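Asker: my questions concern the predicted model and sequence given below.
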Amino acid sequence: MLFAAQRVHVAARPRFKMAAPMATARVDVSGIKDPKLDMCVRRALSVAPLALQIVAECPITKARACSLALPHCVVNTPVFMPVGTQGTLKGITVDQLEDLGCQICLGNTYHLGMRPGPELIEEANGLHGFMNWKRNLLTDSGGFQMVSLVELSEVTEEGVKFCSPYDGRETLLTPEQSIAIQNSLGSDIMMQLDDVVSSTVTGPRVEEAMKRSVRWLDRCIAANKNPERQNLFAIIQGGLNAELRKACLDEMIKRDVPGFAIGGLSGGEEKDDFWRMVTLSTDHLPREKPRYLMGVGYAVDLVVCVALGCDMFDCVFPTRTARFGSALVPWGSLQLKQKQFAKDFQPIDPDCQCATCRRHSRAYLHALFKCDTAAMHHITIHNISYQLTLMRAVRQSIIDKCFPEYVKSFMRRMFPSPEQYPKWAVDALASVNIKLD
Amino acid sequence: MKLELSRIVQGCRLGVLTGLGKTGTHSLEFPACVLYTRCASVPHLTQDTLRTLGGLPAVTQLTTATLAEHQEVLEEFKEGARRFAGLHDTVLFSSLHDPAASYPTGHVTNKTVSVWGSGGRIELTVDRYMALQAAIQPDWYQSMSDGETWQQNTSRKRVRKAVDRTLNHLDECLLLHQKSQALKQAEIFGVVEGGDIQEERLRSARETAKRPVGGFVLDGFQSGAMEQGMRSQLIAAVVAELPPDKPRVLQGVGCPDEVVACVEAGVDLFESFFPYQVTERGCALCFDFSLESDPESAVLESNEDRPMRERENGADSPEIVGKMTRFEMDLRDARYRDDFRPLVAGCDCYCCRNHQRAYVHHLLVTNELLAGVLLMLHNLAHYLVFFSTLRQALSQDRLVDFKRKILQVQINE
């Protein structure tokens, strides 16, 4: 009984040998005539290059600590994945990112597909080779950026139509093209192209988008040329409508995909709706597959959504806010450009072990900010360190069976008084049996 | 501080400065460059990225211009700029202006000079200048100077005034220096002015050499101020008036061919703002200076001489291209889009060990911050090896070979 909570669930046998980035031969799924080859392809399709081992589950909440084996290395979850949009993490070298303990980061298919383009990245041995990143990469589908960045985009059954911001030409991104680009990028986890509607939209458009996302998932699965070394995740849609979410979950779970993302949230909806959709999704998602909550990165959101059963998170916030001089700390954030820090000779966080806090003071960062971009790099390093350290502490508390206590002390540190706890967080945590005092 | 000359080759001084820093444990072989910083930080780099480079100079240059606005903070901090900026153990040389920045003229008076910080002009009297040095706590610092006579056609009268003012400033600085506790162990460097008038240059050098200074700063020779022929001639005349046992720092000259010519004229130390300027225009140093006549490395980049095809995403192209030197390659150029070679074959810097031209090109055209980081690392590394190879050439009597390599680039132009 000692290790009762450590039951091991292996979703699929990892195929690390096949994980050499992009150098191995392609398996073309379409139009295969040779029956022998056909067998190989079928086997490849059913064996995803991913294995999830549940290391510990919180007996009180839905939180869990897992080891997620991916082609380039094992990822300890819950995990925050920093975003390296254009094949680089905002001024940070890959060695610095590795030293921070980052095991997986993101690249954006939309940006990379535009510049430098999939052909060039493929020539460079995939995105791993192009940016010389030795660990795992996750790429999005490119659809979200089109909807959020491009004004003139139109969604049809075929795909997403948009005007290129670089040359103005009208382009169509289909599920097949999205996967083709992601195959060229060679990411360890690819995301399906989904029909994204703003989380504040209601009515028939939400249902249409959800159903289309299911159809597009099938097209994405069929289009994946590298199922033996690239995982394809489905994205649960359905807006803020519980019935639609449930219908989407039912349909998508039927597909044997390596993992699931909870999408269509974090788009300006009420937090009360947000957490209910998250918890509904984790209630139904299969236990033995990873759950990725897209676009979530505020510390409180991370801790609450771990309690609701999510494993993976990404957000540009920690790195973007760093470039505006905002350093994340366990009690909120410090706006280092403000005058009050000009003569503050303490590190950002005296308890933080990152390279920035071990060497530099708030006062120096305040001064340097007026003069050189290195100030941004210092704060970016600290903020990534903050996010990753937070998730490591969360994970350890799950393993140590004291996650609820950890959440309580986290909240006490983050807010000056319990009166300031956001109501949605209190409600969400109460739903998984954590009563904040 | 002690200067030991090991040899003089065609005017070039090869030697070593020992006993540097508060502990006296640092040394610096010369000819060399000191490490250029802004606000005590090498541009774009954190200490971790900087320390991926080997052979960093033992001396770091701080500019009063980028620190003046933080005077109050440094005074309250009390422990000097090195600790304030979280630098490793390094010798600090505090100079007046930022050699990589341009600043408006016409703001020098008999009693003051001005520097420009993020908040605008800061006027410095000798008192304030010395208070700043006391707050910075450098190991070496230049005395306050009127360096505004570098422009061509400056009148003889104005040049004479600049020399007089600078000598007056030096005398006042020396007085305050002797009274200062914070600067007790620091060396003050006298500044030689005189524009392009040899007579004034000689007067400035002779008078400065009479004062108890630890070394000399040669000011007003910056690139653009005069032709190299005149610069070499004036510097040679100036250093003939200076004691041989004290270092000579030349400000504002960084281009490799000019550096070599100035070393031949008798200069020991340079700044390293040049690799920063190259970085800022999206370029990478790629000139060949190796002493080995390896045919592979000799044709380092014959294709760099091809005319520019297409500069991607460079709105300020004409201006930048005008400033480009023949020692660098423009990584924004479309020809590097699919070039999977390192910036320079055989280069040991972090960028060349880990990344390819195509990647740096991508970072530049997408305006990513990492472009500046990687280029700064490479350019600084290339520049430091250029200096160490120059020293090697001097010690092995191979200056001619070295110069041939540097000049070869010019022949290809």
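Answerer: Perfect, thanks for sending it.

Asker: for the chain, which residues score under the pLDDT cut-off?
Answerer: The chain I'm using is chain A. A:1-46, A:147, A:149-152 (pLDDT under 70).

Asker: oops, wrong one, chain B.
Answerer: B:293-321, B:409-413.

Asker: how far is the helix or strand containing A:Ile253 from where the chain is centred?
Answerer: Element membership of A:Ile253, judged by DSSP states H and E, is helix A:242-254. Here helix A:242-254 is found 21 Å from its chain centre; the criterion is CA atoms, centre = their mean, to the nearest Å.

Asker: repeat that for stretch A:281-292.
Answerer: How far stretch A:281-292 lies from its chain's middle: 15 Å, per CA atoms, centre = their mean.

Asker: look up how far B:Gly117 lies from B:Thr66.
Answerer: According to CB to CB, to the nearest Å, B:Thr66 and B:Gly117 sit 7 Å apart. For every residue, glycine as well, the C-beta is placed using N, CA and C.

Asker: the two: which is more packed in?
Answerer: Under the criterion of other CB atoms under 10 Å in any protein chain shown, the comparison of B:Thr66 against B:Gly117 puts B:Thr66 first, with 25 against 19.

Asker: pretty sure the more buried one contacts B:Asp98?
Answerer: Yes. B:Thr66 lies in contact with B:Asp98 (CB atoms under 8 Å); the separation is 5.8 Å.

Asker: give me the common contacts of these two.
Answerer: Listed as contacting both B:Thr66 and B:Asp98 by CB atoms under 8 Å, 6 or more residues apart in numbering or on different chains are B:Arg38.

Asker: quick check: longest helix in the chain by residues?
Answerer: In the absence of a named chain, this looks at chain A. What stands out as the longest helix in chain A, according to DSSP state H, is helix A:374-399.

Asker: my bad, chain B
Answerer: If you go by DSSP H, chain B has its longest helix at helix B:369-395.

Asker: thinking again about what came up before, just checking, what packs against the helix or strand just after the helix holding A:Ile253?
Answerer: Using DSSP H and E, the helix or strand that directly follows helix A:242-254 along the chain is strand A:259-262. Packing partners of strand A:259-262 (3 or more CB pairs under 8 Å, 6 or more residues apart in numbering or on different chains; DSSP states H and E): strand A:231-236, helix A:271-284, strand A:291-293.

Asker: adding distance to B:Gly19 and mean neighbour count, write these out as CSV.
Answerer: Compiled in CSV, the helices and strands packed on strand A:259-262 are given as follows (distance: least, CB to CB, whole Å; neighbours: other CB atoms under 10 Å in any protein chain shown):
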stretch, distance to B:Gly19, mean neighbour count
strand A:231-236, 61, 28
helix A:271-284, 64, 19
strand A:291-293, 60, 27
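
Asker: dump the ones you listed into JSON lines; add distance to chain B as well.
Answerer: As requested, these are exported to JSON lines (distance: least, CB to the nearest CB, whole Å):
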{"stretch": "strand A:231-236", "distance to chain B": "25"}
{"stretch": "helix A:271-284", "distance to chain B": "32"}
{"stretch": "strand A:291-293", "distance to chain B": "25"}
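
Asker: next, format those as CSV and append distance to B:His355.
Answerer: Formatted as CSV, these follow (distance: least, CB to CB, whole Å):
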stretch, distance to B:His355
strand A:231-236, 27
helix A:271-284, 39
strand A:291-293, 29
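
Asker: for B:Leu92, find the nearest of the ones you listed.
Answerer: The closest of the helices and strands packed on strand A:259-262 to B:Leu92 is strand A:291-293. By CB to CB, the value is 49.1 Å.

Asker: which helices and strands does the helix or strand that the closest one is followed by pack with?
Answerer: Next helix or strand after strand A:291-293 toward the C-terminus (DSSP H and E): helix A:299-307. Here helix A:299-307 is seen to pack against helix A:271-284, helix A:374-399, helix A:403-414, helix A:423-431 when contacts are counted using 3+ CB pairs under 8 Å, 6+ apart.

Asker: what sits against the residue in chain B positioned nearest to chain A?
Answerer: Proximity to chain A, evaluated over chain B using CB to the nearest CB, is greatest for B:Leu369 at 3.4 Å. Going by CB under 8 Å, 6+ apart, B:Leu369 touches A:88, A:90-91, A:373, A:376-377, B:44.

Asker: ok, B:Leu390 next?
Answerer: By CB under 8 Å, 6+ apart, the neighbours of B:Leu390 are B:31, B:259-260, B:263, B:289, B:402.

Asker: how about the residues of the stretch 51-200 of chain B near chain A?
Answerer: B:52, B:66, B:69-70, B:72-73, B:76-77, B:84-86, B:117-118 (CB under 8 Å from any CB of the partner chain).

Asker: looking at those residues, state which has the most neighbours.
Answerer: Among those, B:His70 has the most neighbours (other CB under 10 Å), with 28 neighbours.

Asker: report back the residue of chain B that's furthest from centre.
Answerer: Distance to the chain centre peaks in chain B at B:Asp338, reaching 33.7 Å (criterion: CA atoms, centre = their mean).

Asker: who are the packing partners of the one helix or strand B:Arg128 maps to?
Answerer: Under the criterion of DSSP H and E, B:Arg128 resides in helix B:126-136. Judged by 3+ CB pairs under 8 Å, 6+ apart, helix B:126-136 is in contact with helix B:64-67, helix B:71-77, helix B:80-84, strand B:91-95, helix B:156-179.

Asker: quick one: which of those is nearest B:Gln133?
Answerer: Closest of the helices and strands packed on helix B:126-136 to B:Gln133 is strand B:91-95, at 6.0 Å (criterion: CB to CB).

Asker: partner strands of whichever helix or strand comes after the closest one, with direction?
Answerer: Counting by DSSP H and E, the next helix or strand C-terminal to strand B:91-95 is strand B:112-117. Sheet partners assigned to strand B:112-117 using DSSP bridges are listed as strand B:120-125 (antiparallel).

Asker: which residues does the strand it pairs with contact?
Answerer: Contacts for strand B:120-125 (CB under 8 Å, 6+ apart): B:64, B:68-69, B:107, B:111-116, B:132, B:144.
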